[in-house]
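Novice: prediction below, plus the sequence it came from.
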Amino acid sequence: MSTEQVIQVLQERFPGIDFAPRPLVATRKVTTDQICVRIPPDRLVEVMTFLRDDERTRFEQLCDLTCVDYLQFPGATDRYGVTYSLLSLTHNHRLWAKCFVNDPDPEVPTVTGVWPGANWMEREVYDMYGVRFTGHPDLRRILTWDGFKSYPLRKDYPRTGLGEREDYPTLTRESS
Amino acid sequence: MVKQAEKYVTAPHLASREDFLTTRLDSLVNYFQNWSRKNSLWPLPFATACCGIELMATAASRYDLARFGAEVMRFSPRQADLLICAGRVGIKMMPVLQRIYMQMCEPKWVISMGACACTGGVFDVYATVQGIDQFMPVDVYVPGCPPRPETLIQGVMAIQRIVEREGIRSSQERGKGYQLAIQETYGLNVSQTEKTGGQVH
């Protein structure tokens, strides 16, 4: 089954959602082999559970879960695009899905109930972009240190930081 | 006899001669202690990046750090007296490095090996320490990216000279060390970021 047929199945099952196929890379004009659909955040878990369990789709594996910051991206209307990469081992087909959220309180429901492997990937997205995953069992920072307040992969975060790397206890010869 | 003894005790020039003898003995003992200490440095390799590969090459047969008596690499800070920090250190790694330094017994010395450990190198980002000497004492800086084994050997020889000169004096007696003034390095590029406005290129 090709990805176009998967999207057709989705459109039949969820008529209320616009599953228009788009190119994964937004600047590309032509839709190539990497096809992406948009899923609204409030129906994300429902759609993902269907994609995993339905006989025709059978996406057993969540290959990747990441995020893109579309701040001042040409033509972009939403800021954070949480991206899901799905793979069906049974049918050998793939699908990309994006879920768009916005400031000031970006929130996406967690898919750890659908694929347990999403746990640490969602923690990474939370750490780097500040997107909160509601219902996540253990939403802590995973890469940066305790006490770090910013979200470093946001486009408006300066590369050299906001002074976090200077604000740290110093060890001298006397104190050691 | 009694008079002579009193004279001996009270005579200032004789007392100072005795002190002089003791001092000479002390310095002689110290000299041999330092000599043995500098020729049996036990390094702790804190290798986090490509500098660690050069550190291994230095310890291996071709460059042979054993010629300088520093071949016993110890992976426990309790048994080491020379910390070689080879590679970049993140902010999240810094407490580990500080803990290791505190666990080492006196006397102890630190080599900051390579551009990243000395200054942060090319990694001028929010998560990387811009020189470990901002947060802990460092005795010898070894430049290079990564330094060749000869350069590291020169650094070890510099440590040997320090050991010969200072010896058993503890780190506290050595004074304040080399604390650099922490300058704000993050403010430099903020205006640049604002200029481009985080534009996607």
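Specialist: Good, I have the coordinates. Numbers count the residues shown, from 1 in each chain, chains lettered A, B, ... in the order given.

Novice: any idea how far apart the tips of stretch A:165-172 sit?
Specialist: From its first residue to its last, stretch A:165-172 covers 18 Å (CA to CA, to the nearest Å).

Novice: then stretch A:67-74?
Specialist: Using CA to CA, the two ends of stretch A:67-74 sit 17 Å apart.

Novice: which parts of the chain are strands?
Specialist: Using chain A here. For chain A, the strands defined by DSSP state E occupy A:22-23, A:35-38, A:61-69, A:80-88, A:93-101, A:107-109, A:132-134.

Novice: hmm, no, I was thinking of chain B.
Specialist: B:43-47, B:82-86, B:109-113, B:140-142.

Novice: let's have these in JSON lines, adding mean pLDDT, mean neighbour count and distance to chain A.
Specialist: For glycine as for every other residue, the C-beta is placed from the backbone atoms N, C-alpha and C. Converted to JSON lines, these look like this (pLDDT from 0 to 100; neighbours: other CB atoms under 10 Å in any protein chain shown; distance: least, CB to the nearest CB, whole Å):
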{"stretch": "strand B:43-47", "mean pLDDT": "93", "mean neighbour count": "23", "distance to chain A": "14"}
{"stretch": "strand B:82-86", "mean pLDDT": "93", "mean neighbour count": "26", "distance to chain A": "11"}
{"stretch": "strand B:109-113", "mean pLDDT": "91", "mean neighbour count": "27", "distance to chain A": "10"}
{"stretch": "strand B:140-142", "mean pLDDT": "90", "mean neighbour count": "22", "distance to chain A": "15"}
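
Novice: before we move on, back to that, which one, of the strands of chain A, ends up nearest to residue A:163?
Specialist: strand A:61-69 (21.5 Å; CB to CB).

Novice: and that closest one, what's buried?
Specialist: Judged by neighbour count using 16 or more other CB atoms under 10 Å in any protein chain shown, the buried positions of strand A:61-69 are A:62, A:65, A:67-69.

Novice: what sits against the spatially closest residue to residue A:129 that is not a sequence neighbour?
Specialist: Take residue A:129 and drop its neighbours on the chain: the residue closest to it by CB to CB, 6 or more residues apart in numbering or on different chains is residue A:67, 4.7 Å away. By CB atoms under 8 Å, 6 or more residues apart in numbering or on different chains, the contact list for residue A:67 reads A:80-83, A:125, A:128-129, A:131, A:153.
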